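Enquirer: Predicted model and sequence follow; I will ask about them next.
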Amino acid sequence: MNWNDLLRMSINSLRRRKLRTFLTVLGVLIGTASIVVMISLGLGMQQSLYQEVEQSGGLTSIIVTGTDGGDGMMSDSTGADEQSEKRIDDRLVETISKLNHVKLAAPIYETSVILLKGSYIANVQLQGMTPEGLKAQNIDLGEGTLPKTGKLDLVFGNGVITDFYEKGSGNGYYDTGETPNINLMKDSMFLITDTENYDTDNSAAFGESSDSSGSDGQSNSGQPKNVQKYVVRASGIVSGGLDDYSANYDSVYCDLETLKQILRKEYAGRVIPGQPQTKAGKPLKEFYYTSLKVKADDMDHVNEVADVIRNMGYNVETNAEYLDSMKSQFAVVQAVLGGIGAVSLLVAAIGIANTMMMSIYERTKEIGVMKVLGCSLRNIREMFLLEAAFIGLLGGIAGNILSFVMSAVINVVVGSSGVLSTGTDSSISYIPWWLVLLSMAFAVLVGVLAGYFPAKRAMKLSPLAAIRNE
């Protein structure tokens with residue numbers, strides 16, 4: 001018999017036993033869908049990680065911090081040897097920018113500030129960055145542009161609005177479920193850097209002036225004086241809604257040079273928040289940064305550049321190292337999830353074997369006649385293996401269709417609830433085409449393996465005994 005005859009006989013055999021075929025295919029369908037959906041959850045988390053890394057600068061990014069606890073700002077008041085501490089200043093920035101394979105060295109300064117708008121107040125972390133550093137941050141702006149040097153304009157994360165709360169009641173977005181009546185893009189507001197001397201209970205007494213405070217923030221009467229307030233506006237807002245979490249969700253950015261000028265003027269003769277000081281409590285002349293973002297010219301040179309900076313005595317973190325550690329964890333997660341789904345497919349394989357064995361018992365006489373007419377043992381084996389493969393193929397196709405439906409439902413439900421949202425196009429369940437093809441091939445393979453022993457049994461039937469069988 002040729003292959004066309006084998007295909008026709010295999011398909012006709014499955015059609016004659018529609019209910020049994022349907023139930024067997026259903027088992028393969030459930031098993032395939034279980035494996036695909038389980039693995040897609042692990043792939044979805046991995047895809048989210050990739051996009052998060054891309055948001056934070058990609059695999060060529062290197063974050064450099066001081067060796068004094070992570071922020072490079074330890075005070076000298078404890079008597080620590082200044083030379084033993086590694087801080088980030090302009091000289092280091094220039095040195096690292098001249099290293100081989102370094103494309104960018106952008107300093108970052110972080111400080112806590114207070115934002116005031118009407119009856120609302122917010123405590124946020126302000127990050128000052130150079131124009132080149134802001135551009136390398138890959139900030140996806142929904143409105144506006146990046147801030148420019150010379151004016152203290154801010155870029156707000158799409159979730160910063162949730163940080164505002166009412167001064168009197170203390171109620172905010174997470175208490176009432178309603179966003180404050182503030183238009184971050186259009187409204188101007190006050191920014192306060194001297195958070196220690198700002199008393200929210202007496203803020204009404206300060207008025208809305210922009211008078212600068214004394215050197216210690218206190219008047220002669222011992223009452224708090226007006227802290228410096230700066231009128232600021234937004235230059236841009238990160239794209240996304242309140243449920244779209246991303247690396248820039250709670251971030252507030254500004255131009256670094258403008259921020260430095262303001263701080264030096266406001267804190268003349270005083271220690272700027274976050275800056276080191278001498279044993280006598282006096283500020284140092286140099287301005288030190290919180291961290292330094294370095295971009296290598298190629299991913300292959302990231303480790304080389306990182307090792308050079310480590311040898312200089314600084315702490316170094318790379319997205320590539322973080323990604324490698326997370327990939328090994330995701331591999332374990334995917335193996336566990338895939339193993340759970342494989343149990344369902346194992347049950348389906350038992351169902352295929354049972355179906356093929358029953359088919360042999362019911363077609364014993366047919367097999368005997370085929371052997372008497374000269375059908376080879378190889379053709380008989382191939383016919384039963386084709387039937388088992390068809391069951392696996394049908395189950396694999398239907399299982400993948402069900403997998404896409406389940407994946408879409410999972411993403412819609414999780415997306416609408418705001419859980420595990422990353423603010424990107426990534427989903428918690430992600431099914432690539434290679435997984436579809438691999439799962440279908442695996443389903444066919446399981447069908448063939450499950451049908452091998454029944455096919456072997458059919459080959460061993462005696463033709464005369466098969467013909468006499470009723």
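Expert: Arrived safely.

Enquirer: Show me where the stretch 51-200 of the chain has its helices.
Expert: Secondary structure of the stretch 51-200 of the chain, counting by DSSP state H, counting those that start in this stretch: helices at 90-97, 131-136, 173-176.

Enquirer: out of those, which comes closest to residue 18?
Expert: helix 173-176 (56.6 Å; Cβ to Cβ). Where you see a C-beta, it was placed from the backbone N, CA and C, and this is true even at glycine.

Enquirer: can you list contacts of that closest one?
Expert: Residues outside helix 173-176 that contact it (Cβ atoms under 8 Å, 6 or more residues apart in numbering): 161, 162, 164, 165, 179, 180, 242.

Enquirer: Look up how far residue 191 lies from the last one.
Expert: Read that as residue 242. 22 Å (Cβ to Cβ, to the nearest Å).

Enquirer: next one: the second one
Expert: Taking Cβ to Cβ as the measure, residue 162 falls 18 Å from residue 191.

Enquirer: And for residue 323?
Expert: From residue 323 to residue 191 the distance is 36 Å (Cβ to Cβ).

Enquirer: of the two, who's got more company?
Expert: residue 191 (20 against 17; other Cβ atoms under 10 Å).

Enquirer: mind listing what residue 389 touches?
Expert: So residue 389 contacts 444, 447, 448, 451 (Cβ under 8 Å, 6+ apart).

Enquirer: Neighbour-wise, give me the winner out of those residues.
Expert: Neighbour-wise, the contacts of residue 389 (other Cβ under 10 Å) top out at residue 447, 30 neighbours.

Enquirer: on contacts alone, who are the packing partners of the strand or helix carrying it?
Expert: Assigned by DSSP states H and E, residue 447 falls within helix 433-460. Using 3 or more Cβ pairs under 8 Å, 6 or more residues apart in numbering; DSSP states H and E as the contact test, the elements touching helix 433-460 are helix 18-55, helix 319-362, helix 377-417.

Enquirer: tell me, which of the ones you listed is the model least confident about?
Expert: Among those, helix 319-362 carries the lowest mean pLDDT, a mean of 76.

Enquirer: could you give the angle of that helix to helix 377-417?
Expert: With axes from the mean of the first three to the mean of the last three Cα atoms, to 10 degrees as the basis, helix 319-362 and helix 377-417 are set at 130 degrees to each other.

Enquirer: pLDDT weak spots in this protein?
Expert: Residue ranges of the chain with pLDDT under 70: 1-3, 5-6, 54-57, 68-84, 199-225, 360-367, 369, 371-374, 417-426, 461-470.

Enquirer: again, only using 50
Expert: 69-82, 200-224, 421-424 (pLDDT under 50).

Enquirer: Can you tell me the closest non-neighbouring residue to residue 126?
Expert: residue 113 (4.6 Å; Cβ to Cβ, 6 or more residues apart in numbering).

Enquirer: State the distance from the one you found to residue 128.
Expert: 11 Å.

Enquirer: ok, the two, which is more surrounded?
Expert: residue 128 (26 against 23).

Enquirer: which residues touch that one?
Expert: Going by Cβ under 8 Å, 6+ apart, the list of residues near residue 128 reads 108, 109, 110, 111, 253, 254, 255, 256, 258, 259, 260.

Enquirer: So which of those residues sit within strands?
Expert: 108, 109, 110, 111, 253, 254, 255 (DSSP state E).

Enquirer: in the sheet, who's paired with the fifth one?
Expert: What that stands for is residue 253. Listed beta-bridge partners, residue 253: residue 127, residue 155 (assigned using DSSP bridges).

Enquirer: Does it touch residue 144 like I think?
Expert: No - with contacts counted by Cβ atoms under 8 Å, residue 253 stays clear of residue 144, the gap being 11.5 Å.

Enquirer: more crowded one of those two?
Expert: residue 253 (25 against 18).

Enquirer: Distance to residue 97 for the helices and strands packed on helix 433-460 - can I get that in CSV?
Expert: Putting those into CSV (distance: least, Cβ to Cβ, whole Å) gives the following:
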stretch, distance to residue 97
helix 18-55, 23
helix 319-362, 19
helix 377-417, 41
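
Enquirer: can you tell me how far residue 43 sits from residue 53?
Expert: 15 Å.

Enquirer: who has more neighbours, the two?
Expert: The neighbour comparison of residue 43 against residue 53 (other Cβ under 10 Å) goes to residue 43, with 21 against 18.

Enquirer: Please determine how far the nearest residue to the more buried one once chain neighbours are set aside is located from residue 45.
Expert: Among residues not flanking residue 43 along the chain, residue 430 sits closest, at 4.7 Å (Cβ to Cβ, 6+ apart). Distance, residue 430 to residue 45, by Cβ to Cβ: 9 Å.
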